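Student: pasting the sequence and the predicted coordinates here, then a few questions.
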Amino acid sequence: MTVKDILDAIQSKDATSTDFAALPLPESYRAITVHKDETEMFAGLETRDKDPRKSIHLDEVPVPELGPGEALVAVMASSVNYNSVWTSIFEPLSTFGFLERYGKVSELTKRHDLPYHIIGSDLAGVVLRTGPGVNAWKPGDEVVAHCLSVELESSDGHNDTMLDPEQRIWGFETNFGGLAEIALVKSNQLMPKPGHLSWEEAAAPGLVNSTAYRQLVSRNGAQMKQGDNVLIWGASGGLGSYATQFALAGGANPICVVSSDQKADICRSMGAEAIIDRNAEGYKFWKDEQTQDPKEWKRFGKRIRELTGGEDIDIVFEHPGRETFGASVYVTRKGGTITTCASTSGYMHEYDNRYLWMSLKRIIGSHFANYREAWEANRLIAKGKIHPTLSKVYSLQDTGQAAYDVHRNLHQGKVGVLCLAPEEGLGVRDEEMRAKHIDAINRFRNI
Ligand SMILES: C/C=C/C(=O)SCCNC(=O)CCNC(=O)[C@H](O)C(C)(C)COP(=O)(O)OP(=O)(O)OC[C@H]1O[C@@H](n2cnc3c(N)ncnc32)[C@H](O)[C@@H]1OP(=O)(O)O
Ligand SMILES: NC(=O)C1=CN([C@@H]2O[C@H](COP(=O)(O)OP(=O)(O)OC[C@H]3O[C@@H](n4cnc5c(N)ncnc54)[C@H](OP(=O)(O)O)[C@@H]3O)[C@@H](O)[C@H]2O)C=CC1
């Protein structure tokens, strides 16, 4: 039995759940990995010079043992998230430390502590096997998976599953991720695959869409409301392309920051009107490595006021971090909110606290999404209210190049990866709904 037989079953129109359950599992499969004995390979290099193409490997790996409450999924497509860039350059930490720590939790989690890390935090595919205690899913189900892995043995996480002390991001802080032909997930990560999307389109939104939903819309984030001015950094990037859609769909006013004409055009085509090209307008929030330039914060704020008819920002959707955070705090209105989920340009932030406390602003830390938020975010995709922002699609063996593109900010929206799917465009089950949304689905393609 090989993965080819699994693919044949998925592509045959008439394979039933019983047929899938009867398919023997292969002994091994192809997976994207980083290697524990290479974590020092980039020592001494600047972050931008660390090249994911050198650290990312395509290996043949054994199929992991299936535990209670888990599922093995045949992965048709996945996507590149920035967390896989961090893993591949071993910053800010090697992810093998996470696997070692997870391995100590129980007999079962020991499986994750291996000398290779199978990465990837998105998938669209077909359930192959479910472990004891899984009743809601069965072999043959077409699914996507969100990346929240929790144990839920502590009451800390019982109101908001992101607060579980054993909260991890699957494929980043756990092993057996989605950039592979087969993945191991907890069955609570599974959600129905939106029928109007192909495999690679369905695999694109998961992580970033759920994150943007909590950060901007949910009561655990900024609780965006109609009319809010929302400053969105990287508005055509992974997170930003969903934040922009949420702002527009929710009746808010996105102020989109991008770095090129082409990206400005994408934001315009999504329906945004207020757009700032940070490159063309040449903002330099830092005079040197240690010193910010409040005059530049003010120039940026004035530009925002020009675009909003004199209003300041209600909510900042932050993720660039050190480079922009001082400006983000400054341009927020009295009582406004800065929500942050990342620090791509550096995690030691500096801002002038007088503008925070005197103007009663709030900073909210946000990370991925709880079970329910991830489900709600996927539901919006399934209903065609929010659309995938897939631009380019790579083969599994070219994942290193895909991660390089994201690391160097050469990409648009989301970058997809075909795992078992032999070509793009497969897996669509609802052609009628697809036809209704085809322009929006293709908005980011091949630009
Ligand atoms: C969905 C996608 C998401 C993304 O893309 S996010 C971007 C990518 N992710 C990242 O860049 C994050 C990577 N992770 C990290 O950098 C680290 O992961 C953290 C900095 C978040 C945490 O580091 P750690 O080493 O786990 O935490 P510690 O708190 O520095 O060390 C743990 C030890 O410190 C003790 N400790 C914790 N809090 C306190 C306290 N308040 N007072 C005293 N000690 C404390 C603990 O108990 C434990 O101890 P003991 O090592 O002995 O077990
Ligand atoms: N905590 C969480 O749950 C999550 C955290 N993340 C983290 O968020 C970050 C962004 O992820 P994602 O959106 O997928 O990545 P992308 O690279 O797809 O998009 C980020 C965008 O930010 C803009 N940007 C990059 N650097 C700067 C800078 N120095 N100043 C201003 N803008 C900048 C770029 O847009 P442009 O050049 O057009 O301005 C870029 O397109 C990563 O660090 C990632 O790890 C991501 C998802 C979930």
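Tutor: Cool, the structure landed. Ligands and ions are numbered 1, 2, ... in the order given.

Student: which residues of the stretch 1-150 of the chain lie near ligand 1?
Tutor: 82-83, 86, 92-93, 147 (Cβ under 6 Å from any ligand atom). For glycine as for every other residue, the C-beta is placed from the backbone atoms N, C-alpha and C.

Student: give the buried subset of those residues as a ChimeraX selection command.
Tutor: Typed into ChimeraX, the line below selects the buried ones among these, using 16 or more other Cβ atoms under 10 Å:
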select :82,83,86,147
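
Student: just name the closest of the residues of the stretch 1-150 of the chain next to ligand 1 to residue 241, please.
Tutor: The nearest member of these to residue 241, counting by Cβ to Cβ, is residue 82 at 13.2 Å.

Student: measure the closest one to residue 106 for me?
Tutor: Remark: distance between residue 82 and residue 106 (Cβ to Cβ, to the nearest Å) = 29 Å.

Student: you'd agree residue 369 is up against residue 218?
Tutor: Yes. With contacts counted by Cβ atoms under 8 Å, residue 369 reaches residue 218, the gap being 7.4 Å.

Student: packing partners for the longest helix along the chain?
Tutor: As assigned by DSSP state H, the longest helix anywhere in the chain is helix 294-308. Where contact means 3 or more Cβ pairs under 8 Å, 6 or more residues apart in numbering; DSSP states H and E, helix 294-308 is packed against strand 229-232, strand 253-258, strand 274-277, helix 322-331.

Student: can you give me the pLDDT of the closest residue to residue 105 other than its chain neighbours?
Tutor: Excluding the flanking residues, the one nearest residue 105 by Cβ to Cβ, 6 or more residues apart in numbering is residue 166, at 6.6 Å. Looking at residue 166, its pLDDT reads 98.

Student: residue 166 contacts residue 173, correct?
Tutor: No. Using Cβ under 8 Å, residue 166 is not in contact with residue 173; the gap is 9.9 Å.

Student: neighbour-wise, which of the two wins?
Tutor: Neighbour count, other Cβ atoms under 10 Å: between residue 166 and residue 173, residue 173 has more, with 22 against 18.

Student: may I have the phi/psi pair for the more buried one?
Tutor: phi -100, psi 0 (degrees, to the nearest 10).

Student: all helices for the stretch 251-400 of the chain, in order.
Tutor: Applying DSSP state H, counting those that start in this stretch to the stretch 251-400 of the chain gives helices spanning 261-270, 294-308, 322-331, 353-357, 371-382, 399-407.

Student: of these, which is nearest residue 10?
Tutor: helix 371-382 (19.9 Å).

Student: rounded mean pLDDT for that closest one, please.
Tutor: For helix 371-382, the mean per-residue pLDDT is 98.

Student: can you point out the buried residues in that helix?
Tutor: 371, 373-374, 376-378, 380-382.

Student: residues in contact with residue 145?
Tutor: 73, 122-123, 170, 178, 183, 185, 189-191, 206 (Cβ atoms under 8 Å, 6 or more residues apart in numbering).
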